[in-house]
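In: whatever this is, show me its structure:
(one chain, ligands or ions: 2)
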Amino acid sequence: MVKKVLTIAGSDSLSGGGLQADLATFATKGLAAFSVISSIAIIQENAVTIQPVDDQTFATQFESLEQVDHFDAIKVGLLCSVEQIETTYHFLKGYLGPIVVDPVLSFKEGELAVDPEILTAYLDRLLPLATVATPNLNEAIALAHQNYLPRTKSAAVALAKQLSARARCAIYLKAGQQILADHQIDVLMDEDGHLSVIRHETIHSDGNNGAGCTLAAALTARLAFGDELYDAAQRAAEFTRQGIRHAYSLSDKRSDGNVWPNWYLAKNK
Ligand SMILES: Nc1ncnc2c1ncn2[C@@H]1O[C@H](COP(=O)(O)OP(=O)(O)O)[C@@H](O)[C@H]1O
Ligand SMILES: Cc1ncc(COP(=O)(O)O)c(C=O)c1O
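Out: Ligands and ions are numbered 1, 2, ... in the order given. Prediction:
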């Protein structure tokens, strides 16, 4: 039977994350994917512009989803305002399946200003509904109201633990490469306080635009198939690494690149 998943996300015309990365990831798993678009992100050389959809258009997309009988899992990506968080909260609050919240507050391509009211809305409304949230370090310290970046594994674990307790959900913290030279450290703290550290060698490539979205989408997909959180996280992390290894560049003039979730479909042609 077909599995159905929903992503609530921003569109990125350059496919370096957002809706495009989510749909590409879901397609590799044979999932039927649905979407609610929060915004259009335009990434230019020196600037990231986010154009939110108006509140009514945002809300009406949720109303249209009443025609779909069920979702096997739901992913939440970029939301632009407290109003969008509230509307999403009202849609999700009666939903009993797995919810992955990627609290997108900062882009690799540029910093986003973080409104304290948005942080509060995430903490009080959306995150308590989440099965797991997937912040990167900057997002986690903003949500935990911490003013320094963890530099050790134990500091990253403490941050994940503190955020999990405050947000009342499991946390998959993408602690990145600040902790251990040449390695990426991800910390999974489940709701019962069980800790796992997923550590792997850094792939020396600039092709990780969309890695965070791909990871959260792959996690959503695995949870839709009924995996336990730890297994889902391991498999999503490996899937993302493969996408980074096969990243493609937008043009010969650029050194950075986009994660390619469905690289192996091209190989099988
Ligand atoms: N160069 C890399 N080598 C290996 N894994 C990476 C690399 N860059 C990112 N990842 C992995 O991709 C996932 C997404 O991380 P990251 O890109 O830091 O998230 P975000 O896009 O939200 O900042 C994490 O599991 C991280 O470990
Ligand atoms: C709409 C949107 N959401 C999320 C992201 C975050 O992308 P990443 O997975 O690289 O963190 C981006 C990045 O460009 C984006 O455009």
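
In: quick check: mean pLDDT of stretch 67-74?
Out: The average pLDDT for stretch 67-74 rounds to 98.

In: now it - C-alpha only, PDB.
Out: Taking C-alpha atoms only, stretch 67-74 is exported to PDB below (Å, rounded to 0.1, in the frame of the first residue of the first chain):
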ATOM      1  CA  GLN A  67      -8.900  15.400   1.000                       C
ATOM      2  CA  VAL A  68      -6.000  13.100   1.900                       C
ATOM      3  CA  ASP A  69      -7.100  10.200   4.200                       C
ATOM      4  CA  HIS A  70      -3.900  10.000   6.200                       C
ATOM      5  CA  PHE A  71      -0.100  10.700   6.400                       C
ATOM      6  CA  ASP A  72       2.400   8.200   7.500                       C
ATOM      7  CA  ALA A  73       4.800  10.900   8.700                       C
ATOM      8  CA  ILE A  74       5.100  14.700   8.500                       C
END
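
In: flag every buried residue along it.
Out: For stretch 67-74, the neighbour count (16 or more other Cβ atoms under 10 Å) marks 71-74 as buried. C-beta here means a position set from N, CA and C on the backbone, and glycine is covered the same way.

In: neighbouring contacts of that stretch?
Out: Applying Cβ atoms under 8 Å, 6 or more residues apart in numbering, the contact partners of stretch 67-74 are 3-8, 31, 34, 92, 95, 97-100, 220-221, 223-225.

In: just the buried residues of these.
Out: Of these, these count as buried by 16+ other Cβ under 10 Å: 3-8, 31, 34, 92, 98-100, 220-221, 223-224.

In: pick the one among these closest to residue 235.
Out: For the buried ones among the contacts of stretch 67-74, the minimum distance to residue 235 (Cβ to Cβ) is 9.0 Å, reached by residue 221.

In: quick check: pLDDT value at that closest one.
Out: Per-residue confidence at residue 221 stands at 98 (pLDDT).

In: for it, which non-adjacent residue is closest in space?
Out: Take residue 221 and drop its neighbours on the chain: the residue closest to it by Cβ to Cβ, 6 or more residues apart in numbering is residue 29, 4.5 Å away.

In: could you do residue 186 as well?
Out: residue 198 (4.2 Å).

In: name the element that neighbour belongs to?
Out: strand 195-201 (DSSP states H and E).
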